[in-house]
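Novice: give me a 3D structure for the following:
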Amino acid sequence: MILFFGTKPGKQIKKPLNHIACNHCKQTGTLSVTLQSNYLHLFWVPLFKIGTSRFVKCSHCKKVYYKDEFTIEMEKIVNSL
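Specialist: From the prediction side, this is the model:
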């Protein structure tokens with residue numbers, strides 16, 4: 001019997017962070033948070049979620065902030081999603 005299993009990323013969800021300034025370029029309203037879940041799948045059918053990656057990106061300077069670089073304001077908003 002042959003089983004096809006592995007991991008597969010789900011759809012990306014993007015939300016703007018309108019009232020937070022970028023620490024790198026100091027622009028306000030240019031940040032957006034991206035959430036993407038990873039799923040375990042069997043025969044290309046997703047079974048359950050195994051993790052979620054979160055990052056914040058500035059559209060002005062293209063700086064990407066990962067979880068360990070979030071400010072307190074970023075972390076509050078990301079955790080509320």
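Novice: flag every buried residue along the helix or strand encompassing Gln36.
Specialist: Assigned by DSSP states H and E, Gln36 falls within strand 31-42. For strand 31-42, a neighbour-count test (16 or more other Cβ atoms under 10 Å) marks 31, 33, 35, 37, 39, 41 as buried. C-betas here are computed from N, CA, C, even on glycine.
Novice: turn these into JSON lines, including pLDDT and distance to Lys15.
Specialist: Converted to JSON lines, the buried residues of strand 31-42 look like this (pLDDT from 0 to 100; distance: Cβ to Cβ, whole Å):
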{"residue": "Leu31", "pLDDT": "93", "distance to Lys15": "10"}
{"residue": "Val33", "pLDDT": "93", "distance to Lys15": "5"}
{"residue": "Leu35", "pLDDT": "92", "distance to Lys15": "8"}
{"residue": "Ser37", "pLDDT": "92", "distance to Lys15": "15"}
{"residue": "Tyr39", "pLDDT": "93", "distance to Lys15": "21"}
{"residue": "His41", "pLDDT": "89", "distance to Lys15": "26"}
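Novice: just the CA atoms of stretch 26-33, as CSV, please.
Specialist: Included here for stretch 26-33 are C-alpha records, laid out as CSV according to Å, rounded to 0.1, in the frame of the first residue of the first chain:
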residue,chain,number,x,y,z
LYS,A,26,9.3,55.5,10.8
GLN,A,27,6.4,55.5,8.3
THR,A,28,2.9,55.1,9.8
GLY,A,29,0.2,53.0,8.1
THR,A,30,2.6,51.0,5.9
LEU,A,31,2.7,47.8,8.0
SER,A,32,0.6,44.6,7.3
VAL,A,33,0.5,41.3,9.1
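Novice: okay, the angle between the helix or strand that the strand holding Gln36 is followed by and strand 31-42?
Specialist: Later in the chain than strand 31-42, the nearest helix or strand by DSSP H and E is strand 45-58. Here strand 45-58 runs at an angle of 160 degrees relative to strand 31-42 (axes from the mean of the first three to the mean of the last three Cα atoms, to 10 degrees).
Novice: now the element after strand 45-58, going C-ward?
Specialist: strand 64-66.
Novice: and for that following strand, what's in contact with it?
Specialist: Strand 64-66 has contacts (Cβ atoms under 8 Å, 6 or more residues apart in numbering) with 23, 55-58, 74.
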